[in-house]
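# What would the 3D arrangement of this be:
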Amino acid sequence: SKLVSYAQGLDMLTSAATEYDWDLKLDEIASLWRGGCIIRAELLKDITKAYAAEQKPANLLFAPAFTKAIADVLPAWRRVVSTAVQLGIPVPVFSSSLAYYDGLRRKRLPAAVIQGQRDLFGAHTYGRVDAEGTFHTLWGEDKSEIEAVDTH
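Predicted coordinates:
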């Protein structure tokens, strides 16, 4: 969960850099954080190395060292979250960071979920990977799917 929080923060910096045309050097930022009194952590050495590499990861969790670290703890991480949920123990950081990780590693999942939510809440339609066209589900009725008509 700690690693995921770093990945999320660095991803936000990357998005801001793209939007505002900033030339951020994430390896230097991670190195600077090591000198701080609050975030100083050994993990920042590995983060600095990941972003100093010639092949920079699109997301910190895709760096080889971190991919392996997550793979090593993933079964236990899932057990902790599922056991806590079954016992009614709130583990918001563990569960939300696991959800973030699962969303990252699925190629279509986040977009498909968002498309479905937009269609449910505002009839914005969605595309499908197995059929041409634009579709809408009649959520309040029989939940059947209809092909949407382009009104433009």
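
# For the rest of this, base every contact and every neighbour count on C-alpha atoms.
OK.

# What ranges does the chain have for its helices?
Secondary structure of the chain (DSSP state H): helices at 2-20, 26-34, 43-52, 64-87, 92-104, 109-122.

# which residues touch Lys143?
Thr137 (Cα atoms under 8 Å, 6 or more residues apart in numbering).

# To what extent is Thr14 buried, counted in neighbours?
19 (other Cα atoms under 10 Å).

# pLDDT value on it, please?
Looking at Thr14, its pLDDT is 94.

# How about the contacts made by it?
Leu24.

# Quick check: it vs Leu26, distance?
Using Cα to Cα, to the nearest Å, Thr14 is found at 8 Å from Leu26.

# cool, and Lys2?
Using Cα to Cα, Lys2 is found at 17 Å from Leu26.

# Looking only at neighbour counts, state which of these two leads.
Taking other Cα under 10 Å, Lys2 and Leu26 do not tie; Leu26 has more neighbours (20 against 11).

# Quick check: closest non-adjacent residue to that one.
Spatially, and ignoring its direct neighbours in sequence, Leu26 is nearest to Tyr51 (6.0 Å; Cα to Cα, 6 or more residues apart in numbering).
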